[in-house]
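S.K.: Give me a model of this one.
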Amino acid sequence: MNNLLKILTQIPDPEIPVINIVELGIVRDAKMISETEVEIIITPTYSACPAMFNIEEDIIKLFKEKGISAKVVTKMFPIWTTDWMTDEAREKLRAYGIVPPEKGADENHLHIPKKCPRCGSENTTQISRFGSTLCKASYQCQDCLEPFDYFKCH
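M.R.: Coordinates of the predicted model:
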């Protein structure tokens, strides 16, 4: 991992604080422009993701504290995919109570039964296509009756 990416791992996702923006796959590239300037390219998990403003501000603030000016470029293409998430991020989501997406999931991912992160049951039902954030769907376990989020695929 290059030094810039290592620095960026200090920034947690504003909506899911157990994972950072590098693990989530939002950071697409990070490069030094000069000794005092960096360019960071990010891609939102959803085009209307409200957290992107916070992420951009956090990147600028973090590098400013190090005496470096950060230019943040948001690229919408290629669109973000959950395949860009690290395996570590998937495990952190699971431990946090959010069912992570499988790699390479197709557009029918919302109709596949999800394992409850609390009891492991596959007897689950989608409550809402949108959960606490745009990038999650709400499910409920029919065995332990606990609600849980599922991180949606693209």
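S.K.: alpha carbons only for contacts and neighbour counts from here, please
M.R.: Fine.
S.K.: And for stretch 125-132, what's in contact with it?
M.R.: The contact list for stretch 125-132 (CA atoms under 8 Å, 6 or more residues apart in numbering) reads Leu110, Pro113, Lys136, Ala137, Ser138, Tyr139, Gln140, Cys141, Gln142, Asp149, Tyr150.
S.K.: one more time with 6 Å
M.R.: Lys136, Ala137, Ser138, Tyr139, Gln140 (CA atoms under 6 Å, 6 or more residues apart in numbering).
S.K.: How about the contacts made by the spatially most central residue of the chain?
M.R.: With distances taken as CA atoms, centre = their mean, the residue of the chain nearest its centroid is Leu24 (3.8 Å). With contacts defined as CA under 6 Å, 6+ apart, Leu24 is in contact with Met85.
S.K.: Stretch 69-79 - what's its average pLDDT?
M.R.: Averaging pLDDT along stretch 69-79 yields 94.
S.K.: Pull out the buried residues from that stretch.
M.R.: For stretch 69-79, burial by neighbour count (16 or more other CA atoms under 10 Å) applies to Ser69, Ala70, Lys71, Val72, Thr74.
S.K.: Need the pLDDT of the nearest residue to Cys49 once chain neighbours are set aside.
M.R.: Once flanking residues are discounted, Cys49 sits nearest to Leu134: 7.2 Å by CA to CA, 6 or more residues apart in numbering. The model reports Leu134 with a pLDDT of 77.
S.K.: now the strands for the protein?
M.R.: Assigned by DSSP state E, the strands in the chain fall at 27-34, 37-42, 69-74, 98-99, 124-128, 136-141, 147-151.
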